[in-house]
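Peer 1: Give me a 3D structure for the following:
(one chain, ligands or ions: 4)
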Amino acid sequence: MAAAGVVANGPKEEKQAVGIDGPTNPMVTPLLNDLYQFTMAYAYWKGGKHNERAVFDLYFRRNPFGGEYTVFAGLEECIRFIANFRFTEDEIAFVQASLPPSCEIGFYDYLRGIDCSDVEIHAISEGFVVFPKIPLMRVEGPVAVVQLLETPLVNLINYASLVATNAARHRFVAGKSKLLLEFGLRRAQGPDGGIGASKYCYMGGFDATSNVAAGKLFGIPLRGTHSHAFVSSFMSPDEITEKSLKSSDSSNICEDFVSLVQAWLSKLKWSQLLGGIFGETNQSELAAFASYALAFPKNFLALVDTYDVMRSGVPNFCAVALALNDLGYKALGIRLDSGDLAYQSCETRKFFQAIEKEFGVADFGRTNITASNDLNEETLDALNKQGHEIDAFGIGTHLVTCYAQPALGVVFKLVEINNQPRIKLSEDVSKVSIPCKKRCYRLYGKEGYPLVDIMTGENEPSPKVGERILCRHPFNESKRAYVVPKRVEELLKCFWPGRSGKEREELPPIKLIRERCINQLNLMRPDHMRRLNPTPYKVSVSAKLYDFIHFLWLNEAPVGELQ
Ligand SMILES: Nc1ncnc2c1ncn2[C@@H]1O[C@H](COP(=O)(O)OP(=O)(O)OP(=O)(O)O)[C@@H](O)[C@H]1O
Ligand SMILES: O=P(O)(O)OC[C@H]1O[C@H](OP(=O)(O)OP(=O)(O)O)[C@H](O)[C@@H]1O
Ligand SMILES: O=C(O)c1cccnc1
Ligand SMILES: [Mg+2]
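Peer 2: Numbers count the residues shown, from 1 in each chain. Ligands and ions are numbered 1, 2, ... in the order given. Below you'll find the predicted structure:
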C-alpha cells in the first residue's frame, strides 16, 4: 500500500542494548521514587534487615479498556535502569536532607555502596500478550534495594503497557491492511508521555509516528502530511514565483507547473464523468497544493478539508496530481480531517475512480486516503460498520492520552522473604496476592491457541507436553480444569542475572519486539480479542500452589470472635 505523506527516514539499524545504556529519559534516576521507599529502606537498614533476600512480583489485576488482554511493554527501560542503578553524591545529599536529621549517617554510606549487582530479574519478554495476576517481572534481591526499585519499575511498566495495549486495540479494529500513524505528540502528557507514546504505539502495532525525536531515538519510521495553516497561508497562485519542475526522469522541465495544474483543473471541470460536481474551486488552496507539490513532487499529499472537501479540496488535489502524473510523478494521496469521514472517503474514491476511467491514469482510483480527527476505537468501529474507503488513519489524542482508561493498575508485591512465602490479604479477593517465588507457563491447546497461564512453586516440576495437569483458579475452589498441553512455554526468563551466573536474555531491537507483539496477538483465540464481552483468558495455579495459598491465607487471617 502507498505510504501516507512525506517519508523522512526509514527504520534505522536499531541499537542493540548490550552495554547497557541508561534509561532513555535521564529523569529516570533512583530519586524518581516515592519518599516512603527511602523511609522503609532506612528502617530495614536500622533494624539490620536490609540484606534479607526478598522476592517481589510485579503484576496488574485487571486488563485495561474493558478488554481481556494486555501487551507487556517497558521492560528494556527497566533493565537499563537496573543496570545503571547507583546514587550520585548529589542524590545522597538530597535524600539526607529529606529524611529526619535523627537518621544515622551510616545509612548514607550504605546508599553510596548499593547497586543492582545482587538483584536478579526474571520477566516475560517485552511485546508478549499478558494477563492479570501473572508476574510480568519477578525481582529478587536484598529487601532494601528491591524496595527502592518498586516505584520506578511500576512507573516504567504502567504507561508503556497501557499505551501499547491501546495501540494494539486500535490496530485490531482498524484491520491489518490499514496504515496506522501516531499523531499524538502535541496532546501527550508532557515530553516523556509523547516519547513513550510514540515508542510503545509502534511496539503495539502502529506503522509510524509524526514524532521526530522518537524517530531519532528509536528508529521508528516517520510520516507526516501538512496542516491547515499551510493551506490558509496562501492567498493566490500568483504568489508562486518558482514554477518550474523537472520531470521525474529529469528528461524535461515544465517551466510553468502552476499553469499545467490550471489546465488540468479546467479539464476536470468540463469532463463528462465529473461534470457538475464542482464549479470554481478555492484558488488559494490550489496555490498551496501546487506549492507543496513543487517542494515534494515525489511525496505529494494534500489536506483537502480547509474550505470544502468535494467542491474544492479533492478537485484541486486531482488537478495537481494529474499535472504531476504528466511529469512522471505519482501523488500519494489526501488527508481528511473533519466531517463525515466515511461518506467523504467514499465520495472521494468515486471521484478518483472516475478520473482513472476518464483520463486513463493507471491506479489513480487507488490513490491513498488518510483520515484523522479525534479518532478512537469507537469511531474506527463505526466507520467499519458504515463502510469507508480510508487507507490510513492518523490518531492522536485518544491514543496517546489513553483517554478510555488513564492507568493500568500495576502493583509490586512481596511474595517471599528469607525463603518464607508471604501473602497480602484483602477484603477484596482480587487484591489478595499470590505468595511464593513462582514459575509461570503458558499452555497451548491442539488448535495452537494459548489455553491457560499457570503459576507453580519455584521447585515444582514443569508442566509437560502431552501430560495432564490440573489448573486451578487461584481463589475460586470450584473453577478448575485439566489441560493436556500441546506446547508449554515458560514465561519468566532471566533478564538480569545478578550474581546467579545465569545467562542474560538479549534485549531485542524495537522492530523485533513489534513483530513479536503482532505475532502474539494473532495467536490469541478470537473470542478473547473481541471488543464486546470478550471471553476472559484463564489464569491459574497448580494444585500444590492452590493448597499452599489457602493454607497461608488461613494461617495469616485472624479468627474473628462474635459476641
Ligand atoms: N462516519 C462517521 N461515523 C462516526 N464518527 C465519525 C464519522 N466521521 C467522523 N466521525 C467522528 O466524528 C467526530 C466529528 O467531530 P466534530 O463534529 O467535532 O468535527 P468536525 O466539525 O467534523 O471537524 P473539526 O475538527 O474541524 O471541528 C470526530 O470525532 C470524528 O472522528
Ligand atoms: O485529532 P487527533 O486524534 O488528536 O489527531 C491529531 C490532530 O492534530 C491535528 O490537528 P489539531 O487537532 O491540532 O487541530 P484541529 O483540531 O483543528 O484539526 C490533526 O489535524 C489532527 O486532527
Ligand atoms: O502529519 C500530520 O498530518 C499530523 C501530525 C501531527 C498531528 N496531526 C497531523
Ligand atoms: Mg483536532
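Peer 1: Spit out the contact partners of residue 540.
Peer 2: Residue 540 makes contact with 452, 453, 454, 455, 471, 472, 473, 474, 480, 481, according to Cβ atoms under 8 Å, 6 or more residues apart in numbering. Where you see a C-beta, it was placed from the backbone N, CA and C, and this is true even at glycine.
Peer 1: Neighbour-wise, which one of the residues you listed leads?
Peer 2: residue 454 (28 neighbours; other Cβ atoms under 10 Å).
Peer 1: and the helix or strand it falls within, what does it pack onto?
Peer 2: Per DSSP states H and E: residue 454 is located in strand 450-457. Here strand 450-457 touches strand 438-444, strand 469-472, strand 480-483, strand 538-541, helix 543-556, going by 3 or more Cβ pairs under 8 Å, 6 or more residues apart in numbering; DSSP states H and E.
Peer 1: Pipe these into CSV and attach distance to residue 376 and mean pLDDT per row.
Peer 2: What follows is the helices and strands packed on strand 450-457, written out as CSV (distance: least, Cβ to Cβ, whole Å; pLDDT from 0 to 100):
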stretch, distance to residue 376, mean pLDDT
strand 438-444, 30, 98
strand 469-472, 36, 98
strand 480-483, 36, 97
strand 538-541, 28, 98
helix 543-556, 39, 94
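Peer 1: if we can go back for a sec, neighbouring strands - and their directions - for the strand holding residue 454?
Peer 2: Here strand 450-457 has these sheet partners by DSSP bridges: strand 438-444 (antiparallel), strand 538-541 (parallel).
Peer 1: by how many degrees do it and helix 543-556 diverge?
Peer 2: Strand 450-457 and helix 543-556 are oriented at 50 degrees to each other (axes from the mean of the first three to the mean of the last three Cα atoms, to 10 degrees).
Peer 1: chain center to strand 450-457: distance?
Peer 2: Distance of strand 450-457 from the chain centroid (Cα atoms, centre = their mean, to the nearest Å) equals 25 Å.
Peer 1: Can you name the residues of this protein sitting close to ligand 2?
Peer 2: Within the chain, the positions lying close to ligand 2 (Cβ under 6 Å from any ligand atom) are 183, 186-187, 337, 372-375, 394-398.
Peer 1: For the residues you listed, which PyMOL command selects only the ones that are buried?
Peer 2: Burial among the residues of the chain next to ligand 2 is assessed by 16 or more other Cβ atoms under 10 Å; the matching PyMOL selection reads:
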select buried, resi 183+187+337+372+373+375+394+395+396+397+398
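Peer 1: what's around residue 497, how many residues?
Peer 2: 16.
Peer 1: So it sits against residue 504, correct?
Peer 2: Yes. Shown here, residue 497 and residue 504 form a contact pair, counting by Cβ atoms under 8 Å, at 5.3 Å.
Peer 1: any idea how far whatever residue of the stretch 451-563 of the chain ends up closest to ligand 1 is from residue 166?
Peer 2: The stretch 451-563 of the chain approaches ligand 1 most closely through residue 531 (15.4 Å), counting by Cβ to the nearest ligand atom. Distance of residue 531 to residue 166, given as Cβ to Cβ, to the nearest Å: 13 Å.
Peer 1: So which of these two has more stuff around it?
Peer 2: Per other Cβ under 10 Å, whichever of residue 531 and residue 166 has more neighbours is residue 166, with 30 against 14.
Peer 1: My reading is that residue 217 lies in a helix. Confirm?
Peer 2: Yes. Membership of residue 217 in a helix is supported by DSSP: H, G, I helix; E, B strand; the rest coil.
Peer 1: residues near it, how many?
Peer 2: 16.
Peer 1: State the distance from it to residue 421.
Peer 2: As defined by Cβ to Cβ, residue 217 lies at a distance of 41 Å from residue 421.
Peer 1: And residue 100, by the same measure?
Peer 2: 34 Å.
Peer 1: of these two, who's got more company?
Peer 2: Comparing residue 100 with residue 421 by other Cβ under 10 Å, the one with more neighbours is residue 421, at 20 against 7.
Peer 1: For the more buried one, give me its contacts.
Peer 2: The contact partners of residue 421, by Cβ under 8 Å, 6+ apart, come to 415, 435, 436, 437, 548, 552.
Peer 1: residues near the fourth one, how many?
Peer 2: When you say that, I think you mean residue 437. If we define neighbours as other Cβ under 10 Å, then residue 437 has 20 of them.
Peer 1: For it, list the residues it contacts.
Peer 2: Contacts for residue 437 were tallied using Cβ under 8 Å, 6+ apart; they are 55, 138, 140, 415, 416, 421, 457, 458.
Peer 1: Pull up the per-residue confidence for it.
Peer 2: You'll see residue 437 listed with a pLDDT of 97.
Peer 1: how close does it sit to ligand 3?
Peer 2: According to Cβ to the nearest ligand atom, to the nearest Å, residue 437 and ligand 3 sit 46 Å apart.
Peer 1: so residue 393 sits in a helix?
Peer 2: No. Read with three-state DSSP, residue 393 is strand and lies in no helix.
Peer 1: give the contact list for it.
Peer 2: Contacts of residue 393 by Cβ under 8 Å, 6+ apart are 170, 174, 178, 179, 180, 181, 370, 371, 372, 375, 380.
Peer 1: same question, residue 277
Peer 2: Contacts of residue 277 by Cβ under 8 Å, 6+ apart are 310, 311, 315, 351.
Peer 1: Ligand 3 contacts on the protein?
Peer 2: So the chain meets ligand 3 at 5, 183, 210, 224, 225, 335, 372, 394, 396 (Cβ under 6 Å from any ligand atom).
Peer 1: on that earlier part again, now flag whichever of the contacts of residue 540 is closest to residue 261.
Peer 2: For the contacts of residue 540, the residue nearest residue 261 by Cβ to Cβ is residue 453; the value is 59.7 Å.
Peer 1: Surely the closest one and residue 134 touch.
Peer 2: Yes. Judged on Cβ under 8 Å, residue 453 makes contact with residue 134 at a distance of 5.1 Å.
Peer 1: among the contacts of residue 277, who's most crowded?
Peer 2: Highest neighbour count within these, by other Cβ under 10 Å: residue 315, with 28 neighbours.
Peer 1: Which strands and helices lie in contact with the helix or strand containing that one?
Peer 2: For residue 315, the element it lies in under DSSP H and E is helix 314-326. Contacts defined by 3+ Cβ pairs under 8 Å, 6+ apart place helix 314-326 against helix 257-270, helix 283-295, strand 301-303, helix 341-359.
Peer 1: re earlier: who touches both of residue 453 and residue 134?
Peer 2: Contacts common to residue 453 and residue 134, judged by Cβ under 8 Å, 6+ apart, are 440, 491, 539.
Peer 1: with the residues you listed in mind, which one is nearest to ligand 2?
Peer 2: Taking these together and measuring to ligand 2 by Cβ to the nearest ligand atom, the closest member is residue 539, at 33.7 Å.
Peer 1: From residue 62, how far off is that closest one?
Peer 2: Applying Cβ to Cβ to residue 539 and residue 62 gives a distance of 11 Å.
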